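Colleague: Fold the following, please.
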Amino acid sequence: MNALTRKISALEKNVVNDTPDPAETYIGSTNKEEWELIKIAKEIVGRQKQQLTELEKSQKVNPTVDYTSKVNDILTLSDEAEAIVMQAGHIALQRAFHIFDDTIAFRYHQGNDLNKTIFYARFFWFLSEMQDMLHHSTMENKIMGESGFFDLCKGEQDKKLKVCYDSWREWFSSESFVQWLKSNPFTPSNTKLIQEEVTETEEYNAIKETEQKANERDAKHLKEKCPTCSNKCKLYNKQKNTEQ
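Modeller: You can find the predicted model right below:
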């Protein structure tokens, strides 16, 4: 076992399998093992970037050569190196999250567990919606940016955009939030308020659907009774209002 392997093994034993202490998740952490871990992770990623840069230069000189296998070799890490990089990223994320929670989110949830659950449910749903929406917009822009796209007829354009529009939906809606909660269930100590909000949303959507069906039935009945005569329409509406 060489010196680097011994160092990595020691770091894995002391840091990699542990969850970072919340008290040590600030940028100014004094945890020497964490800093050593992050230092080695930066060196690993730095070597990858350097190798990819060199490969990019080679591609410009010989653009017809397939460099896929070389890219895969560069991006493939040993189990030890991958563990180091993943845990360093996890620690950095923990630090950033701690700062965010203490300096920004606290203004909204004020340390209350239930408020915190509601805030982060909405926050992570918002990030998920943004990710999906931007993904669809990027996909749409990429397709429409293809050479000759606007020279095609409307039908051919729609065929190209179908892959994008088939999964298009209304973003940031109540229905979207309910669906996201079902896919990403939160388990706070007290779920009563979250459940009440979901229930109210579902009940509201059910009422809207019932009203829409009633309006469609009324419109159909009115059309069958007096499809062309405006006087009969007025008489029917007046009679309907009187009955109500």
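
Colleague: For the rest of this, base every contact and every neighbour count on C-alpha atoms.
Modeller: Will do.

Colleague: in which helix or strand would I find the spatially most central residue of the chain?
Modeller: Closest to where the C-alpha atoms of the chain average out (CA atoms, centre = their mean) is S128, at 2.5 Å. In the assignment (DSSP states H and E), S128 maps to helix 113-144.

Colleague: Give me the helices and strands touching that helix, please.
Modeller: helix 106-109, helix 154-165, helix 174-183 (3 or more CA pairs under 8 Å, 6 or more residues apart in numbering; DSSP states H and E).

Colleague: how far away is the residue nearest to the centre of the chain from Q179?
Modeller: Per CA to CA, to the nearest Å, S128 is found 12 Å from Q179.

Colleague: what do you get for Y165?
Modeller: Distance of Y165 to Q179, given as CA to CA: 19 Å.

Colleague: And P63, by the same measure?
Modeller: 46 Å.

Colleague: more crowded one of the two?
Modeller: Q179 (14 against 11; other CA atoms under 10 Å).

Colleague: Just the pLDDT for the more buried one.
Modeller: Per-residue pLDDT puts Q179 at 88.

Colleague: can you list the weak-confidence ranges in the chain?
Modeller: Within the chain, the stretches with pLDDT under 70 are 1-30, 186-202, 204, 221-244.

Colleague: Which residue ranges of it form helices?
Modeller: In the chain, the helices defined using DSSP state H lie at 3-11, 32-61, 68-75, 79-100, 106-109, 113-144, 154-165, 174-183, 192-225, 230-243.

Colleague: my read: W125 touches E175, true?
Modeller: No - look at W125 against E175 with CA atoms under 8 Å: they stay out of range, at 11.9 Å.

Colleague: Looking at those two, which has the bigger crowd around it?
Modeller: W125 (20 against 15).

Colleague: ok, that one - contacts?
Modeller: 177, 180 (CA atoms under 8 Å, 6 or more residues apart in numbering).

Colleague: Helix 174-183 and the helix holding S128, what's the angle between them?
Modeller: 110 degrees (axes from the mean of the first three to the mean of the last three CA atoms, to 10 degrees).

Colleague: Next, the buried residues of helix 113-144.
Modeller: 114-119, 121, 125-126, 129, 132-133, 136, 139-140, 143 (16 or more other CA atoms under 10 Å).

Colleague: from the middle of its chain, how far away would that helix be?
Modeller: From the chain centre to the centre of helix 113-144 is a distance of 4 Å (CA atoms, centre = their mean, to the nearest Å).

Colleague: Also stretch 94-109?
Modeller: Using CA atoms, centre = their mean, the offset of stretch 94-109 from its chain centre is 19 Å.

Colleague: Could you pull out the buried residues of it?
Modeller: 94-95, 98, 101, 105, 109.

Colleague: Just give me the closest of these to Q157.
Modeller: Ranked by distance to Q157 (CA to CA), these are led by A105 at 44.0 Å.

Colleague: can you pull the contacts of the closest one?
Modeller: Going by CA under 8 Å, 6+ apart, the list of residues near A105 reads F119.
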